[in-house]
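# Sequence isn't available, so here's the structure alone:
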């Protein structure tokens, strides 16, 4: 009889432990989502900011978790490429969500954030302003510029924001991952 009582007690302890682990994972996900929001807001407030021509790059930003798309469900694309970008955005989000779900097994809490615009990486890494493809023309023949130069748009905006805010993001995850009674 003692073994059965111990086993029953063990099941209760394991059930409570699993419940607390699930709570921690839920809070960790909340912390990740709030951390992603810190980065996204910073990219619009601190230089270098997200480059803008029509606003399609900025509109293609997304945050995806295994539980769904948190940011970027309906992007407000503009210009003659709006329908194509919208279609690519939807398929990118579906693909990303599938990847996140596949990797969110065994207690892994995963969030992916980025841009669905097919040119996002090229613009992010474009350090020579004279080589920018299809951006508005600035002063001088053949010279091109960021459309948001006065407000500080430029290359490496995403990477810069992640670096600037890494401590805040870690703090946000930690604050939300504590076990609360």
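Structure's in. What do you need? If you're wondering where the values come from, they're calculated on a predicted model, not measured in any experiment.
# Only C-alpha atoms from now on, for both contacts and neighbour counts.
Will do.
# Give me the contacts around stretch 159-166.
Applying C-alpha atoms under 8 Å, 6 or more residues apart in numbering, the external contacts of stretch 159-166 come out as 38-39, 42-43, 46, 48.
# Tell me the buried residues within the residues you listed.
38-39, 42-43, 46, 48 (16 or more other C-alpha atoms under 10 Å).
# now the residues you listed as TSV including secondary structure?
Output for the buried ones among the contacts of stretch 159-166, formatted as TSV (DSSP: H, G, I helix; E, B strand; the rest coil):
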residue	secondary structure
38	helix
39	helix
42	helix
43	helix
46	coil
48	coil
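# Please convert those residues to CSV, extending it with pLDDT.
Below are those laid out as CSV (pLDDT from 0 to 100):
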residue, pLDDT
38, 95
39, 93
42, 95
43, 93
46, 91
48, 87
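# wait, which of those residues is closest to residue 176?
If you rank the buried ones among the contacts of stretch 159-166 by distance to residue 176 using C-alpha to C-alpha, residue 38 comes first, at 14.3 Å.
# Pretty sure the closest one sits against residue 167.
No - the criterion here is C-alpha atoms under 8 Å, and residue 38 misses it with residue 167 at 10.9 Å.
# Buried residues, the host helix or strand of residue 167. List them.
In the assignment (DSSP states H and E), residue 167 maps to helix 157-177. Across helix 157-177, burial judged by 16+ other C-alpha under 10 Å covers 157-158, 160-162, 165, 169, 172-173, 176-177.
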